[in-house]
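> What follows is a predicted protein model with its sequence.
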Amino acid sequence: MNLSWKHIILYSIFVLFLASAYGQRAKTKFDFDMDAVSAELKSELSKQKVDTLLQAYYFFDNGRGDKATNFFFWTKDGKNYVKAIGVGKKEKANVHETMDCPKFKEILDFYFNNIKQIIGSEPKPSMIISHNYGFYVLLKVNGTEFKTYLRNESWIDNEHPRAEWIQMIAEIAKPYIENK
């Protein structure tokens, strides 16, 4: 078989194209290891069919920030748990051990006892700060979802039920955020 240089070049281009296409497909869809680890945990919890899942993501509203931490609270077979996954050094996730979290029941009870106010209105911020940290919260329970985002100035020192609810979550989150 006698190949001309044109055939060799075309074959080489084709091989490079396939290698490039495979390389793009094999790339992770996450920019941060924290996101990949969080997605893996969320998928695992979904497969386990946990009773209740609350994800609270603490991050800087203008980007990730060095305190960014993803918290997962869940209930399985009547027991409550929390796991924190934060931004670590060199983009590597800082994964904390899964811990028992009996206070999660208080968070859920407060939510259900104040559901109309929590869902029905927004707390007014005590001040306006250009860029600040805040909590994005997603609660999944009994096939329903509730999502909210409150920046620090909207939940710190605020007596609105939604702000108080976020304060309860933040109380558990605080040691993970501060001890980076």
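Perfect, thanks for sending it.
> Can you give me the buried ones in the helix or strand containing Lys140?
Taking DSSP states H and E as the criterion, the element that holds Lys140 is strand 133-141. Buried residues in strand 133-141, counting neighbours by 16 or more other Cβ atoms under 10 Å, are found at 133-135, 137, 139-141. C-beta here means a position set from N, CA and C on the backbone, and glycine is covered the same way.
> Adjacent strands (with direction) for it?
On the basis of DSSP bridges, the sheet neighbours of strand 133-141 come out as strand 52-60 (antiparallel), strand 144-151 (antiparallel).
> Give me the contacts around it.
With contact meaning Cβ atoms under 8 Å, 6 or more residues apart in numbering, strand 133-141 is reached by 51-61, 65, 67, 108, 111, 145-152, 154-155, 166, 169-170, 173.
> now stretch 98-108
52, 54, 73-75, 79-83, 141, 165, 168-169, 171-172.
> Name the residues that touch stretch 115-128?
Contacts of stretch 115-128 (Cβ under 8 Å, 6+ apart): 111, 146, 148, 150-151, 153-158, 160-163, 165.
> give me that answer again for 10 Å
Surrounding stretch 115-128, the residues in contact under the criterion Cβ atoms under 10 Å, 6 or more residues apart in numbering are 110-112, 114, 132, 139, 146, 148, 150-166.
> Give me the spatial nearest neighbour of Lys76, chain neighbours excluded.
Among residues not flanking Lys76 along the chain, Val50 sits closest, at 4.8 Å (Cβ to Cβ, 6 or more residues apart in numbering).
> count of neighbours near the one you found?
For Val50, the count of nearby residues is 18 (other Cβ atoms under 10 Å).
> What of the one 3 residues further on?
The number of residues packed near Leu53 is 18, by other Cβ under 10 Å.
> That one and Ser154, how far apart?
23 Å (Cβ to Cβ, to the nearest Å).
> What of Arg162?
Arg162 is 8 Å from Ser154, by Cβ to Cβ.
> Find residues that contact each of the two.
Counting by Cβ under 10 Å, 6+ apart, the shared contacts of Arg162 and Ser154 are 122-123, 148.
> And the helices in this protein?
For the chain, helices defined by DSSP state H occupy the ranges 5-26, 33-47, 103-113, 115-120, 152-155, 161-178.
> Out of the strands paired with strand 133-141, which gets nearest to Glu178?
strand 52-60 (11.1 Å; Cβ to Cβ).
> just the angle between the closest one and helix 161-178, please?
Interaxial angle, strand 52-60 versus helix 161-178 (axes from the mean of the first three to the mean of the last three Cα atoms, to 10 degrees): 70 degrees.
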